[in-house]
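Novice: got a structure for you, letters missing:
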Ligand SMILES: Nc1ncnc2c1ncn2[C@@H]1O[C@H](COP(=O)(O)OP(=O)(O)OP(=O)(O)O)[C@@H](O)[C@H]1O
Ligand SMILES: Nc1nc2c(ncn2[C@@H]2O[C@H](COP(=O)(O)O)[C@@H](O)[C@H]2O)c(=O)[nH]1
């Protein structure tokens with residue numbers, strides 16, 4: 001039954017430090033994947049801010065891989081189990097429910113791509129998050145077409161359902177724009193460094209300034225159980241389309257070029273020179289908006305109320321029983337002592353007390369609909385508690 005769980009091998013302890021020239025301290029697990037063993041845990045330094053990863057290959061050679069993504073904090077203990085040959089689930093003890101499940105990606109498409117780019121061994125961490133939220137919505141269209149106006153209406157009417165992805169930009173704030181609310185207004189050098197550090201899902205040079213969506217900007221919205229809305233240009237939409245983020249892409253068109261110009265001028269936020277630049281770029285964007293396969297929906301923003309009604313309709317928000325819903329994350333109270341095993345697409349985390357079978361509790365973690373991953377979170381984890389009475393003697397019978 002099931003695949004072999006991660007194992008902890010005593011003879012690996014002590015070998016790690018000698019081979020790689022550092023003293024590894026603390027709890028470690030070893031997970032075999034093909035002819036490699038991934039040793040996770042411990043640190044090479046008591047002040048280290050994360051847990052270590054080392055790889056032992058079949059010729060007994062140790063490698064310290066490049067580790068990407070947001071890193072889990074060091075913990076007194078953890079357990080590990082292989083999921084689908086491409087990632088290892090690491091359950092970190094003594095952590096809150098949305099901080100105890102982590103995935104170490106070892107052979108996902110993202111990791112393979114990074115191995116090619118960086119050369120050498122690469123692994124990437126991604127935090128596992130319980131529950132589902134709807135697909136993010138990408139809204140693009142030329143400057144002044146009314147994207148922001150439509151998004152504001154949606155966020156006002158469905159406040160608890162949507163959250164705005166706050167982009168970074170190097171342009172200066174307009175009157176009434178607040179840092180951290182409308183944009184994260186940034187120095188170019190700081191933004192460029194964050195882009196190099198792979199903190200951005202997409203970025204583009206738009207009307208002479210740098211704009212970008214950080215991975216975190218999208219993830220914090222989903223963490224709050226809300227559906228994310230991105231207001232980005234067509235280049236950005238193209239990058240998101242090519243990324244692992246599954247989204248709905250909407251292109252907003254003006255009823256005519258003259259009307260677009262009128263709106264942009266009437267807004268009064270740009271100098272004449274900037275208006276000219278935005279209008280020149282609008283022609284290209286209107287062309288690119290027709291690129292096959294890029295946008296799922298095109299909306300013509302003629303009459304505002306009519307366009308808003310069509311936007312709600314395509315998002316399924318026009319009916320009485322709203323079809324677009326989010327599922328708020330479940331919560332798990334995981335004790336420090338537990339054992340872990342995998343059975344198909346489910347992982348059983350047994351938190352039983354050996355002397356008191358009646359208090360046995362098994363968490364069943366469903367991995368069948370994982371979404372996302374490094375460099376953001378891995379979502380779509382579902383968990384339920386199986387009591388000892390449901391589980392039979394070994395806590396597994398009911399699942400087979
Ligand atoms: N359907 C409409 N009819 C008339 N005016 C509109 C309509 N929709 C939006 N506007 C007005 O057009 C101007 C531009 O709208 P908005 O700022 O929302 O555009 P945008 O697409 O977000 O632009 P940018 O990409 O530059 O941020 C605003 O003054 C807004 O009030
Ligand atoms: N590629 C991205 N484009 C973005 C992002 N945030 C905003 N934008 C687009 O820039 C223009 C101009 O915006 P403005 O606020 O200066 O008028 C507009 O088309 C936005 O959609 C981003 O993160 N990435």
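Specialist: Ah, there it is. Note that this is a predicted model, so its numbers are computed, not measured. Residues are numbered from 1 along each chain as shown. Ligands and ions are numbered 1, 2, ... in the order given.

Novice: Residue of the stretch 151-300 of the chain nearest ligand 1, please.
Specialist: Closest to ligand 1 within the stretch 151-300 of the chain is residue 263: 3.5 Å, counting by C-beta to the nearest ligand atom. No exception for glycine: its C-beta is placed from N, CA and C like everyone else's.

Novice: Buried residues, the one helix or strand that residue maps to. List them.
Specialist: Here residue 263, judged by DSSP states H and E, is contained in helix 257-267. The neighbour-count check on helix 257-267 (16 or more other C-beta atoms under 10 Å) flags 260, 261, 263, 264 as buried.

Novice: Between which two of those is the distance greatest?
Specialist: Comparing every pair within the buried residues of helix 257-267 by C-beta to C-beta identifies 261 and 263 as the most remote, at 7.4 Å.

Novice: Over to residue 302: give its phi and psi.
Specialist: Dihedral angles of residue 302 (phi, psi; degrees, to the nearest 10) stand at phi -90, psi -80.

Novice: Tell me which residues touch the residue of the stretch 151-300 of the chain closest to ligand 1, please.
Specialist: By C-beta atoms under 8 Å, 6 or more residues apart in numbering, the contact list for residue 263 reads 144, 145, 146, 254.

Novice: Contact partners for the first one?
Specialist: Yep, that's residue 144 we're talking about. Residue 144 touches 254, 260, 261, 263, 264, 267, 278, 282, counting by C-beta under 8 Å, 6+ apart.

Novice: Name the nearest of these relative to ligand 2.
Specialist: Checking the contacts of residue 144 against ligand 2 by C-beta to the nearest ligand atom gives residue 278 as the nearest, at 7.6 Å.

Novice: next helix or strand past whichever helix in the chain runs longest?
Specialist: Longest helix in the chain by number of residues (criterion: DSSP state H): helix 272-288. Counting by DSSP H and E, the element after helix 272-288 in chain order, helix or strand, is strand 297-300.

Novice: Which SSE is immediately downstream of that next one?
Specialist: Per DSSP H and E, the first helix or strand lying C-terminal to strand 297-300 is helix 304-314.

Novice: can you tell me the helix or strand for residue 88?
Specialist: Using DSSP H and E, the element containing residue 88 is strand 87-92.

Novice: That strand - contacts with which helices or strands?
Specialist: Judged by 3 or more C-beta pairs under 8 Å, 6 or more residues apart in numbering; DSSP states H and E, strand 87-92 is in contact with strand 25-33, strand 36-43, strand 78-83, strand 101-105.

Novice: Using the three-state scheme, assign residue 204.
Specialist: Under DSSP: H, G, I helix; E, B strand; the rest coil, the three-state class of residue 204 is strand.

Novice: Number of residues surrounding it?
Specialist: A total of 17 residues lie near residue 204 under the criterion other C-beta atoms under 10 Å.

Novice: Just the buried positions in the helix or strand hosting residue 221, please.
Specialist: Assigned by DSSP H and E, residue 221 belongs to helix 215-223. Neighbour-count burial for helix 215-223, counted by 16+ other C-beta under 10 Å, picks out 215, 216, 217, 218, 219, 221, 222, 223.

Novice: so what's the backbone phi/psi at the nearest residue to the last one once chain neighbours are set aside?
Specialist: Taking C-beta to C-beta, 6 or more residues apart in numbering as the measure, residue 223 lies nearest to residue 129, with 6.7 Å between them; neighbours along the chain are not counted. In this entry, residue 129 is assigned phi and psi values of phi -130, psi 130 (degrees, to the nearest 10).

Novice: Wait, residue 129 touches residue 222, no?
Specialist: Yes: with contact defined as C-beta atoms under 8 Å, residue 129 counts as touching residue 222 (7.4 Å).
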